[in-house]
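Student: okay, predicted coordinates and the sequence, questions at the end:
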Amino acid sequence: MLDLIIKNGKIIDGTGADPFFADIGIENGKIVFIGDCTAEAKKVIDAEGLVVTPGFIDSHSHADNAVVDFPEQREKCEQGITTSVAGQCGSSYMPKIKSSNEARRSAAGFFKKLNTLPLGANIVTFVGHGTVRSSVMGLANREPTGDELEQMKALVRESVKAGAIGVSFGLIYVPSCYAKTEELVEIAKACKAAGGMISAHIRGEGAQVVDSVKEFIHIVKESGAKGVISHHKAAGVKNHGKTEITLELIRQANAEGADIYCDVYPYVASSTSLSAKFVPKEFQADNKMLENLADPATRARIKERLTPQETSSYDGVLVTVCKGHPEFQGKTLTEIGEMLDCDCVEAALRVIELGGGRASACYFTMNESDVERVMAYPRTMICTDSSVAGNNSVYHPRLRASFPRAIGVYCRERGVVPLVEMIRKITSLPADVYGLRSKGIIREGYDADICIFDFEKIIDKATYAEPSNRCEGLCYVIISGEIACVDAVYTGAGTGRAIRRN
Ligand SMILES: [Zn+2]
C-alpha cells in the first residue's frame with residue numbers, strides 16, 4: 001500500500017523537459033512510481049487539470065534567523081517552498097564562538113538543534129562571513145591580522161565540514177563590508193578547499209554595481225569556488241539598465257570557466273535596515289552607531305556623507321519596522337518628515353534612533369526591465385530574500401508571495417519566462433547549484449517534495465499595503481511525502497529536514 005498517489009496531473013518534472021501526464025506514487029517520503037498507477041494508497045489526490053512540479057527551492061532565504069524559534073516556516077511553505085537556502089548576505093545563526101547556546105556556537109550545534117525541531121520546509125545553510133568575522137574580531141573596521149584571518153578560515157572550514165554549503169558575503173553590512181577583496185579571496189579559497197561554495201550581497205547595487213560584479217567575478221576566479229550573486233539588481237534611476245552590462249560580464253566569466261549564478265525576487269522594491277542605507281559604514285564600527293548619531297558634530301558628518309544618489313527618492317522609502325514606534329510603519333520618509341517637522345534624511349536618522357537601531361524599510365529603487373532581464377538569464381534562480389516572520393509582522397510581500405508571483409505574473413501574464421523554464425529555475429537549477437541531491441526533479445527515487453497548482457489561477461495576493469495575504473491557486477504542497485499545505489494553508493505536517501552539504 002502506497003502512502004499517497006497523485007493522479008491525472010500534468011507533470012513538469014523540473015529538468016526543462018516537456019510536460020507529460022502521469023500518476024505519481026509516494027512511499028516513505030520518496031517518489032516510488034511514475035506512470036499509470038493502479039496500486040492502493042492511504043491517500044489519493046486527484047490533480048486533473050492541475051500542474052504537478054517538484055517543490056520550490058528558495059534560493060536565498062534568511063530563514064536561519066528565526067527557524068529555531070519558528071521551525072514551521074509557514075510563510076515559506078504556504079507559497080510552495082519546500083526547501084530554504086539560508087545564511088545569506090554575510091549573516092547566519094552561527095558560528096558565534098562565544099555564545100553559551102550550543103546551536104549558536106557552531107554549525108554542528110545548529111544542525112543538531114534543527115534535527116529536534118518540527119521543521120516546515122527543509123533547510124540548508126551558508127555560514128555568514130560577517131558572523132564569522134565578528135566572532136573573531138568584533139565589529140572592527142580594519143584588516144585582520146594573519147592570525148585572525150587564519151581563525152576565520154578555520155571557522156569557515158569547520159562549518160563547511162559540519163554541513164554548511166559554503167560562506168556568504170554581505171558587503172554592504174557591518175562587519176563583512178570592512179573586508180578588502182584579498183580577505184574575501186582568502187576566505188573563499190579556504191571554503192572551496194573544504195568543499196564549499198560562496199554567495200554575495202555584492203558591495204554595491206547602485207552606482208557601484210558594475211565594479212561590484214567585477215569584484216565578485218574576481219573572487220570566484222581566484223578561488224575556483226562556485227558563486228551566486230544574491231538578489232541581483234540595479235538600484236537607483238541612474239543605474240537602471242546596468243544589468244545588461246553585468247549579465248554580459250557574468251556570461252563572459254562563465255564562458256571562461258567560472259561557475260556563477262544569480263538569484264532575484266520578483267519585485268521592484270528591496271528591503272533592508274534603514275541604517276544600511278543611511279549610516280555610512282565607518283560610523284557603525286565597534287557598535288557605536290547610536291553614540292555617533294547622538295553627537296551633533298558626528299551627526300553632521302554622517303549627513304554630509306550621504307550622497308544624493310543614496311537618498312534621492314524619499315517617496316520611495318517606505319518604513320516597515322521601527323521597534324516600539326508603530327506610528328511610523330507604512331509611512332514614507334516624506335510623510336515622516338512632515339510628522340516630525342524635519343527633512344527626510346533627518347527623519348530617517350530619527351527613526352533609526354527611536355527604534356534603537358531596529359528600523360527597516362522597503363526601497364522602490366528598481367525598474368521592471370532590469371528585474372525581467374535578470375530573471376530571464378538561464379542561470380538565475382528565484383528567491384524570497386526573507387526570514388520567517390514568526391511573531392513579527394510581514395514587512396515585504398516577497399516573504400509571502402515570491403514564487404506564486406514569479407509564476408502568475410512573470411510567466412503567465414507577461415511571458416518573461418515560459419512555464420517549463422520557470423519551473424526549472426525554481427527546482428532542479430537550485431538543487432544542482434546547492435548540491436541538493438534527490439531534490440528538484442520528479443523522478444523515481446527522488447524525495448517527494450511536490451507542488452500542485454492551477455496554472456490559470458496561481459497568483460500572489462500580498463501587496464506592500466497588505467503583505468500578509470496568502471496566494472491563490474496553489475492547491476497542495478507536499479514535503480517528504482506528507483501534505484504540508486492545502487490551498488496555501490499550512491497543515492502542521494512538520495516533515496521538513498535540515499540538510500547537510502553532501
Ligand atoms: Zn542581501
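Tutor: Thanks, I have the structure now.
Student: restrict stretch 249-265 to CA atoms and write it as PDB.
Tutor: Output of stretch 249-265 as PDB, limited to C-alpha atoms (Å, rounded to 0.1, in the frame of the first residue of the first chain):
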ATOM      1  CA  LEU A 249      30.200  40.200 -17.600                       C
ATOM      2  CA  ILE A 250      28.800  37.100 -15.900                       C
ATOM      3  CA  ARG A 251      28.200  35.300 -19.200                       C
ATOM      4  CA  GLN A 252      31.800  36.100 -20.300                       C
ATOM      5  CA  ALA A 253      33.200  34.800 -17.000                       C
ATOM      6  CA  ASN A 254      31.200  31.600 -17.300                       C
ATOM      7  CA  ALA A 255      32.400  31.100 -20.900                       C
ATOM      8  CA  GLU A 256      35.900  31.400 -19.500                       C
ATOM      9  CA  GLY A 257      35.300  28.600 -17.000                       C
ATOM     10  CA  ALA A 258      33.800  30.400 -13.900                       C
ATOM     11  CA  ASP A 259      30.700  29.000 -12.400                       C
ATOM     12  CA  ILE A 260      28.400  31.900 -11.500                       C
ATOM     13  CA  TYR A 261      24.700  32.100 -10.900                       C
ATOM     14  CA  CYS A 262      22.300  34.800  -9.700                       C
ATOM     15  CA  ASP A 263      19.100  35.000  -7.800                       C
ATOM     16  CA  VAL A 264      16.300  37.500  -8.000                       C
ATOM     17  CA  TYR A 265      13.000  38.300  -6.300                       C
END
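Student: quick check, central residue of this structure?
Tutor: Centroid check for the chain by C-alpha atoms, centre = their mean gives residue 60 as the closest residue, at 2.3 Å.
Student: where do the strands sit along the stretch 101-250 of the chain?
Tutor: Taking DSSP state E, counting those that start in this stretch, the strands of the stretch 101-250 of the chain run over residues 122-125, 127-128, 166-170, 197-201, 227-229.
Student: would you reformat those as CSV and include mean pLDDT and distance to residue 435?
Tutor: To be clear about C-beta, it is placed using only N, CA and C from the backbone, and glycine gets the same treatment. Putting the strands of the stretch 101-250 of the chain into CSV (pLDDT from 0 to 100; distance: least, C-beta to C-beta, whole Å) gives the following:
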stretch, mean pLDDT, distance to residue 435
strand 122-125, 97, 8
strand 127-128, 98, 15
strand 166-170, 98, 9
strand 197-201, 98, 8
strand 227-229, 98, 12
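Student: looking at those strands, which is closest to residue 475?
Tutor: Taking C-beta to C-beta, strand 122-125 is the member of the strands of the stretch 101-250 of the chain nearest to residue 475, at 20.5 Å.
Student: report whether the residue nearest to the centre of the chain is found in a helix, as I expect.
Tutor: No. Checked against DSSP: H, G, I helix; E, B strand; the rest coil, residue 60 lies outside a helix; its state is coil.
Student: so it makes contact with residue 384?
Tutor: Yes. At 7.2 Å, residue 60 and residue 384 qualify as touching, with contact defined as C-beta atoms under 8 Å.
Student: re the thing from before, just give the nearest non-adjacent residue to the residue nearest to the centre of the chain, would you?
Tutor: Leaving out its chain neighbours, the residue that sits closest to residue 60 by C-beta to C-beta, 6 or more residues apart in numbering is residue 383, at 3.5 Å.
Student: tell me if I'm right that the one you found and residue 63 touch.
Tutor: No. Here residue 383 does not reach residue 63: they are 11.1 Å apart, not a contact under C-beta under 8 Å.
Student: for residue 118, give me its contacts.
Tutor: Residues counted as contacts of residue 118 (C-beta atoms under 8 Å, 6 or more residues apart in numbering) are 71-72, 494.
Student: excluding its backbone neighbours, what's nearest residue 95?
Tutor: residue 106 (5.0 Å).
Student: go on, residue 205?
Tutor: Take residue 205 and drop its neighbours on the chain: the residue closest to it by C-beta to C-beta, 6+ apart is residue 235, 4.7 Å away.
Student: go through stretch 64-77 and flag the buried ones.
Tutor: Applying a neighbour-count criterion of 16 or more other C-beta atoms under 10 Å, the buried positions in stretch 64-77 are 64-68, 70-77.
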